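Trainee: show me how the following folds:
(chains A and B, ligands or ions: 2)
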Amino acid sequence: MSTTFAADTWNVMTRELKPIKHEPASILFAMVQPLVFLALFAPLLPKLESGSALQWFVPGIIAMTCLMGASFTGANLMEEMNTGSHERLLVSPLSRPALLVGRALKEVVPMLAQTAIILVVVTPFSFDLHVGGVLVALGILAVFSIGVGALSFALALASEGQDWMFWTIQQTLLFPVLLLAGIMLPIDGAPGWLQVASDLNPLTYVVEAGRELFAGQYDLSTIASGLAGAAVVAALGLVVGVRTMQKSR
Amino acid sequence: MTNSNLTNTVAGPVIQPVIQTRGLTRTFTARKQTVEAVRGLDLEIAQGELVAFLGPNGAGKSTTLRMLTTLLPPTSGSASVAGFDVATQSRQVRQSIGYVGQGNAAGHQQHGRDELVSQARAHGLSRMEARARAEELIADFDLAACADRKVSTLSGGQRRRMDIAIGLVHRPRVLFLDEPSTGLDPQNRANLQTQIQRLHAETGSTIVLTTHYLEEADALAGRVIVVDHGQVIADDTAYNLKSSLGDLITLGFYDQATAAAAAHRVRRSAPEAQIKTLGDEVTIRVAGGRELAPALVADLAVAGDRVHRMEVAGPTLDDVFLNLTGRSLREDNDTATDTALASTDETLEEIAA
Ligand SMILES: Nc1ncnc2c1ncn2[C@@H]1O[C@H](COP(=O)(O)OP(=O)(O)OP(=O)(O)O)[C@@H](O)[C@H]1O
Ligand SMILES: [Mg+2]
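Mentor: Ligands and ions are numbered 1, 2, ... in the order given. Sure, this is the predicted structure:
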């Protein structure tokens, strides 16, 4: 009666999605902040000659929603560690890697739903929808979300029920990563050291690729570096996550 | 002895115990303080046994179960479950066991039914089988009204029943239950005992549970292992543990003088009893106390020592403890109160006896 890795992963992923299925509105929670930014920031954006400011801003905001949503998900695991269900899963025959990979893969679903909502909200304004580009960008963002989700779960495991540790590290990392990726403001005029830090941030490439794709431009090298940035995060997340999971026995 | 050795050599493989520990030890270090939670446990539990670990808070019951279920690596010593080593073959161990921990098995954001199905799927049941099994357990544990609600909205007892149902999903060959009855009302406690006995009878599984209640251990388990400070201090049937203790009769009188006179009279008529007086109360610990009590009251009435109130209680975990260790459970937390309560000098002598 042994199960396969794929079956285990599917089991864990669908289990994680059940609460969203029962309470779809919960997806909106992670979106409050991005929507507020959209409402308050968009009117302030300067008129650009090259096109609408919204066109530049929206891909960044979508990347931000992904990052926030995925980075929060370790909190679910922490709750399960505190109440006991994580322990139950650890004693079940589900493989350790499946427990992590299934959780990380689940991040894709809320990510897609949130993007759809944002696009519905902004399309009536000065924003051109290029469906093909959006779909490719979503693929890149999905890979990125899986990585961030896995890192967030690893952080929850490493914090071992000390919630403050999880939140401190998550919050400390979140905003620098967002700002350095040029989501709120362009990094172009920044001093050298900031430029270097931004170049080292994988999200920078994801956001750049997203902007091109959302604008309906298909520059292969930009797309490739966006995908590479996302893949680096995903690989790192899965390696670190599975290691931490196996260490926790 | 010789006979069984002979059988083994002739008839091939020795029948291995389902659970076996050798010098199993676990220490924790927190803030430079070392806690020896489990110290050198040597245990053998055979296929089909129903065993209760009985012990006070912090005795090391959960730590032992967590080592046997692969959740915690032992500090030293070894343990095997269903023929697999818990440290090196943890995957195989997990495939052979069921575990109901002290926490909640069902995620608080989940619906109980979904958790049952997911657990069944994890154990390799098909989607159909998993749904059917979930339905069965929901009926067995009277959970129909709360299986399709968010677990965080259930009452403590409903949640506990869900935990146990999840642990039984795959009818495990070896089942570990950590304080399964905590938070259950008497009716559900009785139902839990029925379910555990049913599983035991139907599948012949080996079941290990922990509890604080001697009556529960008595009602369920053929074998009771009493643990204290990480060590086994008794390993016997509940019947033997209890019968060596006797029942406790408490008699209340109208005043202290009557109580003293009554104690004197009882001491003469039942010399084997342990008798204590505290104010206007006399407590008598004696084998077969339930049967003895009516005659005792009648006898005292004849002598003019009228009994004002009476209580007869079977032995509790506290009594087992007092008997085995010479100290009350409460002493662990509050020595001062307990010494103050211990009435007269004869108390201590009687415990020693
Ligand atoms: N993770 C841990 N870190 C530090 N100490 C621990 C840890 N787990 C258990 N202990 C200590 O080990 C000892 C045994 O704990 P354990 O949980 O096994 O007791 P128990 O018999 O299950 O008690 P209870 O009846 O309260 O559940 C206790 O002193 C406890 O404080
Ligand atoms: Mg315990």
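
Trainee: C-alpha from now on. contacts and neighbour counts both.
Mentor: OK.

Trainee: contacts for stretch B:227-245?
Mentor: Residues from elsewhere that reach stretch B:227-245, judged by C-alpha atoms under 8 Å, 6 or more residues apart in numbering or on different chains: B:36-41, B:53-56, B:58-61, B:214, B:217-218, B:221-226, B:285-287, B:315, B:319-320, B:323-324.

Trainee: quick check: which ranges of the chain have low pLDDT?
Mentor: I went with chain A, as the question did not name one. Applying pLDDT under 70 to chain A flags residues A:1-2, A:30, A:47-51, A:161, A:248-249.

Trainee: actually, chain B is the one I wanted.
Mentor: B:1-15, B:317, B:327-353.

Trainee: how about a cut-off of 80?
Mentor: Low-confidence segments of chain B (pLDDT under 80): B:1-16, B:214-215, B:241-245, B:315-353.

Trainee: other SSEs contacting the longest helix seen in it?
Mentor: Looking across chain B with DSSP state H, the single longest helix is helix B:186-203. Helices and strands touching helix B:186-203, by 3 or more C-alpha pairs under 8 Å, 6 or more residues apart in numbering or on different chains; DSSP states H and E, are helix B:214-220.

Trainee: for the helix it packs on, buried residues please.
Mentor: Neighbour counts over helix B:214-220 (16 or more other C-alpha atoms under 10 Å in any protein chain shown) mark B:214-218, B:220 as buried.

Trainee: try stretch A:184-204
Mentor: Neighbour-count burial for stretch A:184-204, counted by 16+ other C-alpha under 10 Å, picks out A:184, A:187, A:195, A:198, A:201-204.

Trainee: what separation is there between residue B:260 and residue B:163?
Mentor: For residue B:260, the distance to residue B:163 (C-alpha to C-alpha, to the nearest Å) stands at 52 Å.

Trainee: ok so residue A:185 is a helix residue?
Mentor: No - read with DSSP: H, G, I helix; E, B strand; the rest coil, residue A:185 is coil and lies in no helix.

Trainee: which residues sit in contact with it?
Mentor: Residue A:185 makes contact with residue A:179 under the criterion C-alpha under 8 Å, 6+ apart.

Trainee: phi, psi for it please.
Mentor: In terms of degrees, to the nearest 10, the main-chain angles of residue A:185 are phi -130, psi 150.

Trainee: so who does the most centrally placed residue in chain B touch?
Mentor: By C-alpha atoms, centre = their mean, chain B has its centre lying nearest to residue B:211, at 2.9 Å. Applying C-alpha under 8 Å, 6+ apart, we find residue B:211 in contact with B:52-55, B:178-181, B:217.

Trainee: equivalent analysis for residue A:107, please.
Mentor: By C-alpha under 8 Å, 6+ apart, the contact list for residue A:107 reads A:69-70, A:142, A:145-146, A:149.

Trainee: same thing but at 6 Å, please
Mentor: With C-alpha atoms under 6 Å, 6 or more residues apart in numbering or on different chains as the criterion, the residues that contact residue A:107 are residue A:146.

Trainee: could you do the one 4 residues further on as well?
Mentor: For residue A:111, the contact set (C-alpha under 6 Å, 6+ apart) comprises residue A:66.

Trainee: where along the stretch 151-300 of chain B do the strands fall?
Mentor: Under the criterion DSSP state E, counting those that start in this stretch, the stretch 151-300 of chain B contains strands at B:174-177, B:206-211, B:223-228, B:231-236, B:247-252, B:274-278, B:281-286.

Trainee: backbone dihedrals for the residue lying closest to residue B:115 once chain neighbours are set aside, please?
Mentor: What sits nearest to residue B:115 in space, not counting adjacent residues and going by C-alpha to C-alpha, 6 or more residues apart in numbering or on different chains, is residue B:106, at 6.0 Å. Phi and psi for residue B:106, reported as degrees, to the nearest 10, are phi -80, psi 130.

Trainee: residue A:85 is in contact with residue B:106, correct?
Mentor: Yes - with contact defined as C-alpha atoms under 6 Å, residue B:106 counts as touching residue A:85 (5.4 Å).

Trainee: who has more neighbours, the two?
Mentor: A count of neighbours by other C-alpha atoms under 10 Å in any protein chain shown puts residue B:106 above the other of residue B:106 and residue A:85, at 31 against 22.

Trainee: break chain B into its domains for me.
Mentor: In terms of domains, chain B is parsed into B:19-242, B:246-314 (source: automatic domain parsing).

Trainee: pick the most deeply packed of those domains.
Mentor: Greatest average neighbour count among the domains of chain B goes to domain B:19-242 (a mean of 20), per mean count of other C-alpha atoms under 10 Å in any protein chain shown.

Trainee: from the middle of its chain, how far away would it be?
Mentor: Distance, stretch centre to chain centre, for domain B:19-242: 11 Å (C-alpha atoms, centre = their mean, to the nearest Å).

Trainee: what is the end-to-end distance of it?
Mentor: Using C-alpha to C-alpha, the end-to-end distance of domain B:19-242 comes out at 26 Å.

Trainee: with stretch B:72-88 instead?
Mentor: End-to-end distance (C-alpha to C-alpha), stretch B:72-88: 12 Å.

Trainee: quick one: that stretch near chain A?
Mentor: No - residues of stretch B:72-88 are not located near chain A by C-alpha under 6 Å from any C-alpha of the partner chain, the shortest gap being 7.6 Å.

Trainee: I am finished for the moment; much appreciated.
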